[in-house]
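> Got a predicted structure here, sequence first:
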Amino acid sequence: MFYRLASISSLVLASAFALNQAAIAQSADVPFNGTVPSEATFNAPAPGTAEPTISSSSGGIPTKFESQTPATMGVQTSTPATISVSPPRFVSGPSADPSGTTHIGFLKFGSTNLRSDVGGGSATLPAGNTNLEVGLLIERPVAFTPGIYTYVVTLTIAP
């Protein structure tokens, strides 16, 4: 009988210990959040060249300044993005652009051709690496003064 009491007591104690262990063992899910940003990176541009041209109605004096060789650069984007081209901006030269001057920026990549004066000059740029070609056209109502001119065309990428 003593054996039986000892066996039952040990079973009760073992069960109580097991229940106590089950009550202690718990698990919890711990959440983590993070953001992977959309990124776009331009490579250094290779400058293009621009030269004056003479229109037939200008009397033999140059009133246009346009790219002969486009500037080239690469861009890498992590997701598709909107890219836009701005009209050229006068930086320096012997004479500033007078009122009435036409400024057009051009952008080409793949089979896409953009102009800053058409449709906002924007298009969708695919994700990955893309080679860009940038050009410009400046047309003044009067002749350019001889000298060295610098213009800038701005490209903007937005996710």
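On my side now, so go ahead.
> Run through this protein and note the low-pLDDT ranges.
Counting by pLDDT under 70, the chain has low-confidence residues at 1-23, 36, 38, 55-59.
> Do you have the helices of it handy? List them.
All helices of the chain, identified by DSSP state H, fall at 2-24.
> wait, doesn't residue 75 sit right on residue 44?
No. Using Cβ atoms under 8 Å, residue 75 makes no contact with residue 44, being 11.4 Å away. C-betas here are computed from N, CA, C, even on glycine.
> The two: which has the busier surroundings?
residue 75 (19 against 7; other Cβ atoms under 10 Å).
> Please name the residues that touch the more buried one.
By Cβ atoms under 8 Å, 6 or more residues apart in numbering, residue 75 lies in contact with 40, 41, 42, 43, 83, 125, 129, 130, 132, 155, 157.
> now swap in residue 53 and tell me
With contacts defined as Cβ under 8 Å, 6+ apart, the neighbours of residue 53 are 62, 64, 65, 66.
> In strands only, show me those residues.
Mapping those onto strands (DSSP state E) picks out 64, 65, 66.
> Turn those into a markdown table, including distance to residue 107 and neighbour count.
Formatted as a markdown table, the entries for the ones in strands among the contacts of residue 53 read as follows, by distance: Cβ to Cβ, whole Å; neighbours: other Cβ atoms under 10 Å:
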| residue | distance to residue 107 | neighbour count |
| --- | --- | --- |
| 64 | 19 | 17 |
| 65 | 18 | 21 |
| 66 | 15 | 15 |
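> Of those, which is the nearest to residue 31?
Within the ones in strands among the contacts of residue 53, the smallest distance to residue 31 is 57.3 Å, found for residue 66 (Cβ to Cβ).
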